[in-house]
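**Student:** need a 3D model of the following:
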Amino acid sequence: MKHYALTILLLVVVFAGGGFFLLRDNQAPSLTLTPSVGPISAKRPPVLTLEDEGAGLKNVLVTVTQGDQTIELLRSDYQRGTASRLLDLSLKDVKLKNGPLTLEVTATDQAILANTVSESFSFDYDSRPPVVSVLTRAHNLNQCGAGLVLYKVSEEVERSGVQIGEYFFPGYLQEKGFYACLFAFPYDMQQAAFLPRLIAVDRAGNERKASFYYHTNPRPPKRDRINLSQQFLDSKMPKFQDRYPEAENMLDIFLCVNRELRQQNRTKLKEFSRQTAASPSWQGAFLRLPNAANRAGFNEQRAYIYGGNKVDQQTHLGIDLASLANSPVPAANSGSVVFADYLGIYGNCVVVDHGLGLQTLYAHLSTISASVGDQVDKGQIIGRTGATGMAGGDHLHYGVVIAGVPVNPVEWWDPNWIKHNFSNKWKAALAPPAAY
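**Tutor:** Reported below is the predicted structural model:
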């Protein structure tokens with residue numbers, strides 16, 4: 001009998017404690033809708049987040065109202081102990097017109113004296129993709145080269161540019177209301193695979209793809225053989241030894257550097273490309289290192305030979321220019337310095353941004369005369385040639401990249417190429433419309 005009374009007392013305490021907890025919970029569930037305003041569509045519906053750390057969620061009701069029509073979008077009940085839910089409010093099966101609508105969300109918790117929250121959200125339903133109008137007519141590209149397309153979009157977009165296979169080249173909105181996109185014929189893409197398309201995605205997630213005229217000229221890669229001497233390995237590889245302590249000899253270190261570190265450095269160049277100005281800062285043809293001879297060209301397929309055997313193959317994605325040792329290196333054109341430090345195979349290097357994703361690389365420098373954030377003028381000295389990094393002798397490795405994709409620098413040295421492929425197009429876009 002005594003045990004029975006204790007059991008009853010314990011149950012009373014438990015139920016009283018639980019009841020007290022449920023009764024004292026006077027906090028309604030919290031709800032968050034993302035986005036909470038602006039355009040939505042069936043392709044990009046809002047996401048509802050519900051939370052109740054007290055008694056837990058009990059149910060939720062979501063309705064959509066447009067004009068005199070109200071539709072139940074979601075109704076759900078939850079088991080006791082449900083503290084949170086993340087819900088996609090799908091609009092695929094709802095017949096809606098383009099225009100304003102209201103979403104109302106009501107959620108209740110499990111408290112005995114139930115707490116309820118109700119909120120309304122105003123949106124614009126938009127199922128129409130943006131209209132893209134191409135302004136430029138001629139887009140002639142050399143393999144491994146660059147092109148410029150100018151275009152207008154009918155509405156505000158969150159992303160636009162040129163898609164080529166897995167490569168995306170962003171477009172940048174200009175003050176005059178048109179977009180400018182520099183894009184490349186990637187060095188590692190076959191001519192048959194080069195199919196550029198303009199893409200514009202609006203804030204509601206609607207996407208438009210537009211084609212434009214283009215013509216390509218084949219520029220097959222050249223081939224070269226690099227003989228690796230033991231003297232080169234013994235002089236250059238020890239500086240990388242701490243990075244690859246598991247390597248058994250200098251050749252193994254070289255192969256790690258030439259494969260892994262090279263790829264990591266190229267990835268960094270792609271990251272630098274995000275630090276770009278929305279408008280071009282350059283003017284005219286780019287400068288070449290004065291009084292320098294070409295020692296290696298762009299898109300050279302290099303076979304590395306050691307002891308008579310091929311041990312590796314990589315692509316050279318710049319132009320090697322040799323002049324007198326420690327020659328002053330001028331900025332090829334005006335821009336902003338986004339990197340000035342040591343970078344793996346490139347040694348001491350400077351990267352200058354010229355806007356629209358266009359950047360120039362100056363590698364193997366003996367000294368650096370620029371700092372990140374500096375605004376440099378065309379011809380301003382930013383360093384001196386050297387043999388840092390993987391350089392076998394004093395020279396400048398000069399590179400040009402667009403959105404992180406290396407392109408042939410020779411084009412940018414040619415004033416006629418600049419005129420026909422950039423300057424004339426830009427002037428035409430800025431010119432006032434002709435009067436009739």
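**Student:** helix/strand/coil for residue 138?
**Tutor:** coil (DSSP: H, G, I helix; E, B strand; the rest coil).
**Student:** cool, and residue 234?
**Tutor:** Here residue 234 is recorded as helix under three-state DSSP.
**Student:** show me the protein divided up by domain.
**Tutor:** 27-125, 132-218, 222-411 (automatic domain parsing).
**Student:** could you check how far the residue most central in space within the chain is from residue 291?
**Tutor:** Nearest to the mean C-alpha position of the chain, by Cα atoms, centre = their mean, lies residue 274 at 6.4 Å. Distance, residue 274 to residue 291, using Cβ to Cβ, to the nearest Å: 35 Å. All C-beta atoms are positioned from the backbone trio N, CA, C, and that covers glycine.
**Student:** try residue 353
**Tutor:** Distance, residue 353 to residue 291, by Cβ to Cβ: 27 Å.
**Student:** the more surrounded of the two?
**Tutor:** Taking neighbours as other Cβ atoms under 10 Å, residue 353 and residue 291 compare with residue 353 leading, 22 against 10.
**Student:** any idea how far that one is from residue 376?
**Tutor:** 10 Å.
**Student:** residues shared between the contacts of those two?
**Tutor:** Counting by Cβ atoms under 8 Å, 6 or more residues apart in numbering, the contacts common to residue 353 and residue 376 are 335, 336, 337.
**Student:** got a list of what residue 36 touches?
**Tutor:** So residue 36 contacts 46, 121 (Cβ under 8 Å, 6+ apart).
**Student:** sec struct for it, please.
**Tutor:** On the basis of three-state DSSP, residue 36 is classed as coil.
**Student:** what comes up buried for stretch 322-337?
**Tutor:** 322, 323, 327, 329, 330, 331, 332, 333, 334, 335, 336, 337 (16 or more other Cβ atoms under 10 Å).
**Student:** the fourth one pairs with what?
**Tutor:** In this case it means residue 329. Residues in a beta bridge with residue 329, per DSSP bridges, are residue 383.
**Student:** wait, isn't it in contact with residue 385?
**Tutor:** Yes - contact criterion Cβ atoms under 8 Å: residue 329 and residue 385 qualify, at 6.1 Å.
**Student:** any shared contact partners between those two?
**Tutor:** Taking Cβ under 8 Å, 6+ apart as the criterion, residue 329 and residue 385 both touch 289, 365, 396.
**Student:** starting at the chain centroid, how far to the helix or strand containing the last one?
**Tutor:** In other words, residue 396. Assessed by DSSP states H and E, residue 396 sits inside strand 396-402. How far strand 396-402 lies from its chain's middle: 20 Å, per Cα atoms, centre = their mean, to the nearest Å.
**Student:** average model confidence for that strand?
**Tutor:** Strand 396-402 carries an average pLDDT of 98.
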